[in-house]
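Trainee: generate coordinates for the sequence data below:
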Amino acid sequence: MLLQVLGTAAGGGVPQWNCACPGCSGARAHPHWRRRHASLAVQASQDRWYLVNATPDIGDQIEDCPALHPGPGSRRTPIAGLVLTDAELDHTLGIARLREAGAGGLELLSTGPVREALLTRLRLEAVIGPYTPLSWRELPRERPEPLTADSADSAVSISAIPVSGKRPRYAADSPGSGEDPWVVALRLTDRATGTTAIYAPALAAWPEALRSAVAEADCVIVDGTFWDDEEPRRTGISTRTATGMGHLPIDGPGGTAELLEPLNARCLYTHLNNTNPLVDPGAPQHKRLADRGIEVAADGMVIDL
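Mentor: Predicted coordinates:
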């Protein structure tokens, strides 16, 4: 199973256009600090790829990954579809950027609440439909299913693990309960070897189903938005804590580093906020994680399982 990391930043990217925090200022001064919005490409078969989330950077992310370039033929693309982990704007705005798909259309895999929010609140069908048709598949939860619609052609199976009922702000008053699967982690499994990767760029909680999944995984890529719980308040970006904003912190009691350290899997963080000290490659927090056997994913990283 081949995974291509397309981006590793939280909403706004690094640098964020209207921010002069140390992380953003550092990224302007040192371009190698820059991070695009968190996204992943999964090779489903020899020449077919699915993108996990459609970020505002999707055009540049595709151009920077030769495996995703079109050809042979002027409009033949290896991109088979999109998988959405949630309905947040930084994970869905890029759908509009793919309107050039034309008559071939776009396939999207999501949970029901995410689909409904995009169709009824963002009116995605009305806006994109005149350019390219959208087809939807429900993300499987109970049992993994082949990633491609043609099961014989799919090297990877997929299933969703609900991790949060956190709605995006534009759908905060949507009907339903807090148990609805608005945010999911993805379980990706190589159908030939059985190796498994967990991708969870947004984590407001660590439910038992996720705990069981990461215990059996070979690779775990999770939410690293904030270093500690007080970071949003300390840096002045919010009056809420990290957990209050729907993101488990990395450090501190009950932080995700504590939960990842005992695992046998390769563990990496993604979805870093611009205020997170980890955006500085020389920050001492990198060594603290390395001492626990945990990495920070980098834009462009290839993970071969």
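Trainee: please count neighbours and contacts with C-alpha atoms only from this point.
Mentor: Fine.
Trainee: what's near enough to touch residue 55?
Mentor: By C-alpha atoms under 8 Å, 6 or more residues apart in numbering, the contact set of residue 55 is 37-39, 89-95.
Trainee: let's see 10 Å
Mentor: Counting by C-alpha atoms under 10 Å, 6 or more residues apart in numbering, residue 55 makes contact with 6-7, 11, 13, 36-39, 61, 88-97.
Trainee: okay, and which of those residues map to helices?
Mentor: 61, 94-97 (DSSP state H).
Trainee: make a markdown table out of the residues you listed and add neighbour count and pLDDT.
Mentor: Formatted as a markdown table, these follow (neighbours: other C-alpha atoms under 10 Å; pLDDT from 0 to 100):
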| residue | neighbour count | pLDDT |
| --- | --- | --- |
| 61 | 23 | 98 |
| 94 | 17 | 98 |
| 95 | 18 | 97 |
| 96 | 17 | 96 |
| 97 | 16 | 96 |
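Trainee: and the helices in the stretch 201-305 of the chain?
Mentor: Along the stretch 201-305 of the chain, counting by DSSP state H, counting those that start in this stretch, helices occupy 208-216, 231-234, 256-260, 285-290.
Trainee: deepest-packed of the ones you listed, please.
Mentor: The highest average neighbour count among the helices of the stretch 201-305 of the chain, using mean count of other C-alpha atoms under 10 Å, belongs to helix 256-260 at a mean of 19.
Trainee: ok, and what's touching that one?
Mentor: Helix 256-260 is contacted by residues 203, 205-206, 211, 214-215, 220, 222-224, 227-228, 248-253, 266-269, 288-289, 292-294 when judged by C-alpha under 10 Å, 6+ apart.
Trainee: average model confidence for that helix?
Mentor: For helix 256-260, the mean per-residue pLDDT is 98.
Trainee: residue 136 should be in a strand, yeah?
Mentor: Yes. Under DSSP: H, G, I helix; E, B strand; the rest coil, residue 136 sits within a strand.
Trainee: which one is it nearest to, not counting chain neighbours?
Mentor: Computed as C-alpha to C-alpha, 6 or more residues apart in numbering, the closest residue to residue 136 that is not its neighbour in sequence is residue 108, at 4.9 Å.
Trainee: good, wrapping up.
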